[in-house]
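Colleague: Give me the fold of what follows.
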Amino acid sequence: MMEWSLAHPLHDVEDIVNLADGWFGHEADGILTRNREVFRHRVTVATTEQLFNKGREFIAVCRGTKITDHGWFHVEDPDDLKAFCWFDRGGYTTYSNEEISNAKFHHVDLSLSVRQRVKLINEMIDQHILWAHTWGIPVVCSTSIRSDHDGFMKIHKKRGFTVNGSYAWIRTEEAAKCLINQ
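Modeller: Residues are numbered from 1 along each chain as shown. Just a heads-up that it's a prediction; the model follows:
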């Protein structure tokens with residue numbers, strides 16, 4: 001069983017850094033110089049801010065049991081990080097005054113099955129829509145810098161987002177109606 005909760009600065013930061021850097025960090029190599037301390041600092045600050053101001057940023061983690069088979073015995077980790085999502089607000093285009101909530105990360109453990117990953121990404125999209133709706137943010141935007149983003153964008157398109165390349169966006173009210181009708 002997997003369960004979502006708001007990320008906490010004392011319990012989730014290291015696992016978020018490890019998941020992001022371990023699975024996805026190499027995609028920035030040659031472009032940016034990655035620094036785990038900088039990322040750890042930014043995640044810690046954002047999760048701390050979230051404790052006091054839930055309308056500024058949203059970071060959630062999904063945890064579940066991981067079973068490692070060692071042949072004649074196995075080890076269970078009931079608190080294994082499976083995925084996390086991070087959304088913020090305060091984004092704007094150069095041609096509109098309407099606020100946009102941007103997804104900073106939709107990261108999943110790539111060792112999970114495709115079916116599990118799709119389920120988790122859909123749950124992240126639901127959370128993004130609900131968070132933006134709760135805080136009155138009129139537009140939700142999700143992007144990807146990954147070279148292989150077609151599947152990710154296909155999930156958004158199926159959810160009613162307008163997809164242009166590696167950008168997917170939708171009016172929050174329209175997206176919320178789709179949640180209610182599911």
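Colleague: give the contact list for the closest residue to F39 other than its chain neighbours.
Modeller: Of all residues beyond its chain neighbours, the one nearest F39 is V17 (5.5 Å), with distances taken as C-beta to C-beta, 6 or more residues apart in numbering. Bear in mind the C-beta positions are built from the backbone N, C-alpha and C, glycine included. V17 makes contact with 36, 39-40, 43, according to C-beta atoms under 8 Å, 6 or more residues apart in numbering.
Colleague: Can you name the next helix or strand after the helix or strand K119 falls within?
Modeller: Remark: K119 resides in helix 114-134, with elements defined by DSSP states H and E. Tracing the chain C-terminally past helix 114-134 and defining elements by DSSP H and E, one meets strand 139-143 next.
Colleague: just to revisit the earlier point, among the contacts of V17, which ones are in strands?
Modeller: Using DSSP state E, no member of these sits in strands.
Colleague: all helices of this structure, in order?
Modeller: All helices of the chain, identified by DSSP state H, fall at 13-19, 36-52, 114-134, 150-158, 172-180.
Colleague: will you turn those helices into a markdown table that also has mean pLDDT and distance to D29?
Modeller: Formatted as a markdown table, the entries for the helices of the chain read as follows, by pLDDT from 0 to 100; distance: least, C-beta to C-beta, whole Å:
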| stretch | mean pLDDT | distance to D29 |
| --- | --- | --- |
| helix 13-19 | 95 | 16 |
| helix 36-52 | 96 | 13 |
| helix 114-134 | 96 | 23 |
| helix 150-158 | 94 | 20 |
| helix 172-180 | 88 | 34 |
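Colleague: With respect to R63, which of these lies nearest?
Modeller: Closest to R63 of the helices of the chain is helix 13-19 (C-beta to C-beta; 8.4 Å).
Colleague: Run the chain-centre distance for that closest one.
Modeller: Relative to its chain's centre, helix 13-19 lies at 13 Å (C-alpha atoms, centre = their mean, to the nearest Å).
Colleague: re the thing from before, which of the contacts of V17 are buried?
Modeller: Taking 16 or more other C-beta atoms under 10 Å as the criterion, what is buried in the contacts of V17 is 39-40, 43.
Colleague: For M2, state which of these is nearest.
Modeller: V43 (20.5 Å).
Colleague: neighbours around F161, how many?
Modeller: Neighbouring residues of F161 were enumerated by other C-beta atoms under 10 Å; the total is 23.
Colleague: A168 is in contact with that one, correct?
Modeller: Yes - shown here, F161 and A168 form a contact pair, counting by C-beta atoms under 8 Å, at 4.0 Å.
Colleague: Now the common contact residues for those two.
Modeller: A shared contact of F161 and A168, defined by C-beta under 8 Å, 6+ apart, is any residue touching both; here these are S142.
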